[in-house]
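>>> Any chance you could fold what I've pasted below:
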Amino acid sequence: MRRRDFITLLGGAAAWPIAARAQQPAMPVVGFVGSESPDRWAAYVSAFHQGLREVGYVEGRNVAIEYRWAEGQNERISDLVVDLLRHPVSVLAVPGSTPAALAAKAANTAVPIVFAVAADPVQVGLVASLSRPGGNLTGVVTLNVEIAPKRLELLHELFPTATSFALLVNPADPALAEPVSENVQAAARAFGIKLHVLHASNEAEFDAAFATAVRLQAAGLVVGPDSLFNTRVEQLAALSARHALPVVFQWREFTAAGGLLSYGSSVTDTYRRAGVYTGRILKGEKPADLPVEQTTKVELFVNLKTAKALGLTVPTALLVRADEVIE
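Now for the predicted structure:
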């Protein structure tokens, strides 16, 4: 063999691993739209990653994730979805935001979409039915709209003689605000009490809403389900303490932060389940064949330290029903 041929052969052998790696298929890409900021959603993203791991996907190892963040501005979501769809994403994940799920559906009919919402996905037009979604969307739905009246009932149990309560909703998300307002108003009429529906569409409006509830002499406040409120539980708990206003919300995280009561499904489990569905679709399953999962377990948490600070005595009947009493 001539020296020139030998060098050429060695050169080709050295280049072979690089060429082989270049020919390997690229990682699948998940597009992820968050309605808030990455720091506020850190626990939720971690739960989503856990769900992916349960079906064999680890970010950076065998799946890539492209993130887009709306920073609490729902009006930006449609543009973020369209921007992500310019990339070759395999699945579009829009957990925790009904506006993002609706924007994703409106933007495309081809890329699989996984949502996690509190609104009825059939009623708002995301899927044809829960058992047979059809089309390119599926996901997880919580019971946090349906059980919103139960939160008013808990306050009524604490204050059986009170005649006035308040409800806080985000008018920028009518798919949640409207059914929650209707359901809780119906419950208030059944109890024979007055319900004041208050609005906050951004963080700056929280304090005014709480002050209005106090001015209207509401015995307590129900905070409606919404991504704006979900990621500001510490602020909501602090406002409850500042205004000496008993508040009930949906997530345990609120009660752990100093809120009085929470009653609802687990937020982290919801995101984990969205991650599982995303992984299953990456493995080849079709959204149309994956029934929308409904959370069935709801949990009650009571913060006795907060109750004492508010001068409240929590009925024993309520305490024995609690999944956890924080002292």
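
>>> Output the contacting helices and strands for the helix or strand harbouring residue 105.
Using DSSP states H and E, residue 105 falls within helix 98-107. Packed against helix 98-107 by the contact rule (3 or more Cβ pairs under 8 Å, 6 or more residues apart in numbering; DSSP states H and E) you find helix 77-85, strand 91-95, strand 113-117, strand 137-141, helix 174-191. (C-beta placed from N, C-alpha, C; glycine too.)

>>> list the buried ones in that helix?
Within helix 98-107, the residues scored as buried using 16 or more other Cβ atoms under 10 Å are 98, 99, 100, 101, 102, 103, 104, 105, 107.

>>> If you average the pLDDT over it, what comes out?
Averaging the model's pLDDT scores along helix 98-107 yields 91.

>>> What about residue 140, how many residues nearby?
Summarising burial for residue 140: neighbours were counted as other Cβ atoms under 10 Å, giving 26.

>>> Would you mind naming the residues that bridge with it?
Using DSSP bridges, the bridge partners assigned to residue 140 are residue 116, residue 293.

>>> Enumerate every residue touching it.
With Cβ atoms under 8 Å, 6 or more residues apart in numbering as the criterion, the residues that contact residue 140 are 95, 115, 116, 117, 270, 273, 274, 277, 292, 293, 294, 295.

>>> List just the nearest of these to residue 185.
When those are compared for distance to residue 185 (Cβ to Cβ), residue 117 wins out at 21.5 Å.

>>> The closest one contacts residue 145, doesn't it?
No. In this structure, residue 117 is not within contact of residue 145 by Cβ atoms under 8 Å, at 9.1 Å.

>>> quick one, which of these two is more surrounded?
Each of residue 117 and residue 145 had its neighbours counted (other Cβ under 10 Å), and the higher figure belongs to residue 117 (30 against 25).

>>> Enumerate every residue touching the more buried one.
Under the criterion of Cβ under 8 Å, 6+ apart, the neighbours of residue 117 are 96, 97, 98, 101, 124, 126, 139, 140, 141, 142.

>>> most neighbours, which of those residues?
Busiest of the contacts of residue 117 [other Cβ under 10 Å] is residue 101, holding 30 neighbours.

>>> Need the nearest residue in space to that one, chain neighbours excluded.
Ranked by Cβ to Cβ, 6 or more residues apart in numbering and with sequence neighbours excluded, the top spatial neighbour of residue 101 is residue 115, at 3.9 Å.

>>> how close does the one you found get to residue 184?
Between residue 115 and residue 184 the distance, using Cβ to Cβ, to the nearest Å, works out to 24 Å.

>>> quick one, which of these two is more surrounded?
Set side by side, residue 115 and residue 184 give different neighbour counts by other Cβ under 10 Å, the larger being at residue 115 (29 against 25).

>>> quick one: the more buried one and residue 287, what's the gap?
Using Cβ to Cβ, residue 115 is found at 10 Å from residue 287.

>>> Show me whatever sits in contact with both of those two.
The contact sets of residue 115 and residue 287 overlap at 137, 138 (Cβ under 8 Å, 6+ apart).

>>> what sits against the residue nearest to residue 117 when sequence neighbours are not counted?
With sequence-adjacent residues excluded and distances taken as Cβ to Cβ, 6+ apart, residue 117 is closest to residue 98, at 4.8 Å. By Cβ under 8 Å, 6+ apart, residue 98 lies in contact with 117, 118, 119, 124, 173, 175, 176.

>>> on that earlier part again, which ones are touching the residue nearest to residue 101?
Counting by Cβ under 8 Å, 6+ apart, residue 115 touches 94, 95, 100, 101, 104, 121, 126, 137, 138, 139, 140, 274.

>>> one more time with 6 Å, if that's ok
Under the criterion of Cβ atoms under 6 Å, 6 or more residues apart in numbering, the neighbours of residue 115 are 94, 101, 139.
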